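> this is the structure alone, sequence omitted:
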């Protein structure tokens, strides 16, 4: 039989006792085991004395009321807190104190919780419906869920439960004065308080999808580091800190829930030792299944994913105040500061005990746990033992779901928290047991009044939200716009910027005329003997992107040094299809000394970036490591010199003079390589600046990347590799404009068909570490041999081959594999275009078809025609002109004439499927 809540109030204690007796006599006159029969109470007023009773039948209610009546007759009785279902307080805590809402984390789900949640929140559910979609349960919802629940699903099912319970509280008219969430419970806390706003179900589903990749990153990093976590309950509170002290740097406090309950995380071997030590001292430990250690330094490698997730959040105005368990203080009102704290919350220990103390100091006396299990209420009782407070769980495994909700409502009402008590009565009585709903006009009027109240609430909220949206970003600090030349004259890659307290968005425009370094990092290099300014496809080196990121990050803390980078990812190439190319470099401070930076197009959508990563700043450089940690022993001498990499038709790489840093490869082997580097000076990096003051030093950084390439080329025959990710870079001293000759040790970490990862350390002539690099990751591009030769040395090479037909002017070309050309974001379509086409032809390229594939067919046809012309001219003059020197006109016909300094050459082309044949002859 369903439980019901009976509420009574009066102006004095004596009058309240009279009301109790009157109701007891009335209920005693009706069938004992029938549903509770009592008049509709209407809206509770502001009477001084209030009582709440929970009962499942008339007989049950009579028993409770008899007990209450006797207690109220006793002058020494100051409170009635009978867990069987009777609540009265002479000094209700909600009258003078404040109310705090607490949201539990994913560990709140217990065996059988899903069935209880299905009973408590039947479909359609506002919060469970989108969560079911996102975690793959679809329309089946609870019926498709299986226990034990996977960690990721548990996080979001708990979130849905937390928010559903919170909605129930709001329907009951309970308005919190402050809120907090423990661990993943903060996901609900930030939504409930408006810190993060959701536009609708799709917004929530998108957020959950983004969080899925965070979990993948956490687990991958955790497995690599071999970490583990466990909860511990210790009868003696001194045990937990003593065990932590015995394992410094290997075991960490992840959550301080109360004096005798904590979550610890660390390296798995140490965790095993700690669990054994704690068990010997009477503690109970529970290991987590997942190899992750949230809220410890061991997950800092996942900071980029945390930043990505935080970047997707739409920040709002926080009401009521929200407390962070990472700081044990209120969230900042500034939206961007609050966003940074969303990230910090996962990186720092959960200081739940301190947070409750801070909320208590701020006036909180009633703590309502909006979520499953009731664990946080137990923690609060332990923390505030002996002080006036009440902790009210909305769910307890030891009670039925509907019964515990009734007890929670009764407690809230007895502490003067529920002004709309008819809404509470209607919700519990009507929604859970519709066949027991009292009939008659009184109840209908009460429900109509409640619905009208809720309608007014929704309209008012809409008006507030509209006003907020009209006001714009009223919560952001005013931006400062400046031309950088006036304030930051020494930063080479910053032209203008906009600044707030924790963010800078700088702009720079790449221009082939000014940025001379682009010509020395073009796939194809010099492609024309006639037009010396015409180059292959310019691509910004990753080392230059790192310099851009470092410069803008440094602007947020110019009193500090740039000492390293973390988790750098190149999502796509910054290639100059057309110049100039504008860029934005956006930097946000995420923690003290850590700045997240994205290089992006000016009109980029949220989260879109060419390159992103975290820049580290500090007052001193990190200590240099011992080079022996990376040195490889089983290496063989190598005879490759600078000329082997950079000179002649057989050169091994495409870089021009500015980036030709390999002096020679000293030793190499499958484990790694030792490469001697001598980077050139930077005096020709820009046209108008001969001595740029770099923050990081892009030429030396590019040289380290070339050392990794040299190892790949010598051991794995990889003519083209493109850096796509760097785990970490540490500088151990100030960068030099021209570091001179130094040695780079490269050590293999992993090589697959597609990727190669290595570590590197740059050493000066004394053996001291200058820079260390971890997890430098290259994409291995498997380029057809003839295309490779054309890109490296286009003025010495044909892409086509001689045709079986007689005559020097006949050439044959099989079209390149479309899948290869489409790879790497269509990079090779553009590379061949810029190697083969004249300046005028490039201007018309975009009109040659709707897709890269269609345009490449036209380019392939021209390449074979141009090769035929080039072969005829070379036979006559001995000079091999570039394909980009041969002008076939805007619309090359099957029969065309090429004109130039060599005279006229006629050329004809035919096609058989994907095979092209061209024949040229003197005009």
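Perfect, I can see it now. Just so you know, these numbers come straight off a predicted model, no measurement behind them.
> going forward, measure contacts between C-alpha atoms and count neighbours the same way
OK.
> residue 711 belongs to a helix?
Yes: counting by DSSP: H, G, I helix; E, B strand; the rest coil, residue 711 is part of a helix.
> leaving out chain neighbours, which residue sits closest to residue 644?
residue 651 (5.6 Å; C-alpha to C-alpha, 6 or more residues apart in numbering).
> now do the SS call for the one you found.
Three-state assignment for residue 651 (three-state DSSP): coil.
> what about residue 612, distance to residue 577?
In this structure, residue 612 and residue 577 are 21 Å apart, going by C-alpha to C-alpha, to the nearest Å.
> if you count surrounding residues, which of the two has more?
residue 612 (27 against 15; other C-alpha atoms under 10 Å).
> look up the residues forming beta bridges with the more buried one.
Counting by DSSP bridges, residue 612 is bridged to residue 569, residue 598.
> was I right to think it contacts residue 598?
Yes: assessed by C-alpha atoms under 8 Å, residue 612 is found in contact with residue 598 at 4.3 Å.
> anything in contact with each of the two?
Common neighbours of residue 612 and residue 598 (criterion: C-alpha atoms under 8 Å, 6 or more residues apart in numbering): none identified.
> quick one, helices of the stretch 201-350 of the chain?
Using DSSP state H, counting those that start in this stretch, the helices of the stretch 201-350 of the chain run over 201-225, 239-246, 268-280, 303-311, 335-347.
> list of residues touching the first one?
Okay, so that is helix 201-225. Identification of contacts with helix 201-225 by C-alpha under 8 Å, 6+ apart yields 130-131, 133-134, 152, 156, 198, 228, 267, 290-293, 298-299, 301-302, 305-306, 308-309, 312-313.
> in strands, which of those appear?
Among the contacts of helix 201-225, the members found in strands (DSSP state E) are 228, 267.
> where does the stretch 401-550 of the chain dip in pLDDT?
Within the stretch 401-550 of the chain, the stretches with pLDDT under 70 are 418-490.
> could you pull out the strands for it?
Secondary structure of the stretch 401-550 of the chain (DSSP state E, counting those that start in this stretch): strands located at 480-483, 496-499, 503-510, 522-526, 535-538.
> out of the ones you listed, the one nearest residue 362 is which?
Residue 362 lies closest to strand 503-510 among the strands of the stretch 401-550 of the chain, at 31.3 Å (C-alpha to C-alpha).
> who are the packing partners of that closest one?
Helices and strands touching strand 503-510, by 3 or more C-alpha pairs under 8 Å, 6 or more residues apart in numbering; DSSP states H and E, are strand 496-499, helix 542-556, strand 581-591.
> and the first one, what does it pack onto?
Using 3+ C-alpha pairs under 8 Å, 6+ apart as the contact definition, the elements that strand 496-499 packs against are strand 480-483, helix 484-487, strand 503-510.
> 10 Å - rerun?
Identification of packing neighbours for strand 496-499 by 3 or more C-alpha pairs under 10 Å, 6 or more residues apart in numbering; DSSP states H and E yields strand 480-483, helix 484-487, strand 503-510, helix 542-556, strand 581-591.
> tell me which of these sits most buried.
When these are scored by mean count of other C-alpha atoms under 10 Å, the highest mean neighbour count falls to helix 542-556 (a mean of 24).
> low-confidence ranges in the chain?
Checking the chain against pLDDT under 70 turns up 1, 33-46, 418-490, 605-607, 737-738, 805-807.
> in the stretch 651-800 of the chain, which spans are helices?
Chain-ordered helices for the stretch 651-800 of the chain, with DSSP H, counting those that start in this stretch as the definition, fall at 698-716, 785-792.
> let's have these in JSON lines, adding distance to residue 639 and mean neighbour count.
Formatted as JSON lines, the helices of the stretch 651-800 of the chain follow (distance: least, C-alpha to C-alpha, whole Å; neighbours: other C-alpha atoms under 10 Å):
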{"stretch": "helix 698-716", "distance to residue 639": "11", "mean neighbour count": "23"}
{"stretch": "helix 785-792", "distance to residue 639": "21", "mean neighbour count": "20"}
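> now those helices as a markdown table including distance to residue 114?
Output for the helices of the stretch 651-800 of the chain, formatted as a markdown table (distance: least, C-alpha to C-alpha, whole Å):
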| stretch | distance to residue 114 |
| --- | --- |
| helix 698-716 | 52 |
| helix 785-792 | 59 |
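> to residue 752, which of those lies closest?
Nearest to residue 752 among the helices of the stretch 651-800 of the chain is helix 698-716; the distance by C-alpha to C-alpha comes to 10.1 Å.
> closest to residue 243 out of the helices and strands packed on strand 496-499?
That would be strand 581-591 among the helices and strands packed on strand 496-499, by C-alpha to C-alpha, at 29.1 Å.
> which strands and helices sit next to that closest one?
With contacts taken as 3+ C-alpha pairs under 10 Å, 6+ apart, strand 581-591 sits against helix 303-311, helix 335-347, strand 496-499, strand 503-510, helix 542-556, strand 594-600, strand 611-618.
> what packs against the last one?
For strand 611-618, the contact count by 3+ C-alpha pairs under 10 Å, 6+ apart identifies helix 303-311, helix 542-556, strand 561-570, strand 581-591, strand 594-600, strand 720-731 as packing neighbours.
> so where do the helices sit in the stretch 401-550 of the chain?
With DSSP H, counting those that start in this stretch as the criterion, the stretch 401-550 of the chain has helices spanning 401-414, 421-426, 432, 441-471, 484-487, 542-556.
> gap between the first one and the chain center?
In this case it means helix 401-414. Mean-position distance between helix 401-414 and its chain equals 39 Å (C-alpha atoms, centre = their mean, to the nearest Å).
> cool, stretch 274-294 as well?
With C-alpha atoms, centre = their mean, you get 29 Å for stretch 274-294.
> buried ones in that stretch?
Buried residues in stretch 274-294, counted by 16 or more other C-alpha atoms under 10 Å: 274-275, 278, 283, 285, 287, 291-294.
> looking at the residues you listed, spot the one nearest residue 559.
Using C-alpha to C-alpha, those come closest to residue 559 at residue 294, 31.7 Å.
> correct me, but the closest one touches residue 347?
Yes: if you go by C-alpha atoms under 10 Å, residue 294 and residue 347 touch, sitting 6.8 Å apart.
> between these two, what contacts are shared?
Both residue 294 and residue 347 are in contact with 254, 300, 302, where contact means C-alpha atoms under 10 Å, 6 or more residues apart in numbering.
> most surrounded residue in those residues?
Using other C-alpha under 10 Å as the neighbour test, the shared contacts of residue 294 and residue 347 are led by residue 254, with 26 neighbours.
> so who does that residue touch?
Listed by C-alpha under 10 Å, 6+ apart, the contact set of residue 254 reads 183, 229-231, 262-266, 293-297, 346-351.
> so how far is residue 159 from residue 132?
Residue 132 is 12 Å from residue 159, by C-alpha to C-alpha.
> so between the two, which is more surrounded?
Higher neighbour count among residue 132 and residue 159: residue 159, with 27 against 22, using other C-alpha under 10 Å.
> per-domain residue ranges of this structure.
According to automatic domain parsing, the chain comprises the domains 4-92+419-452, 99-220+300-407, 227-290, 486-784, 798-922.
> just how off-centre is the fourth one within its chain?
Read that as domain 486-784. Centroid separation for domain 486-784 versus its chain: 24 Å, with C-alpha atoms, centre = their mean.
> same question for stretch 80-100.
Worked out by C-alpha atoms, centre = their mean, stretch 80-100 lies 43 Å from the chain centre.
> now do the same end-to-end measure for that stretch.
One end of stretch 80-100 sits 22 Å from the other (C-alpha to C-alpha).
> and that stretch, which residues are buried?
Using 16+ other C-alpha under 10 Å as the test for burial, stretch 80-100 gives 80, 85-90, 92-94, 97-100.
> how about stretch 114-131?
Of all the residues in stretch 114-131, those buried under the rule 16+ other C-alpha under 10 Å are 114, 116-118, 120-121, 127-131.
> in helices, which of those fall?
Assignment to helices by DSSP state H places the following of these there: 114, 116-118, 120, 128-131.
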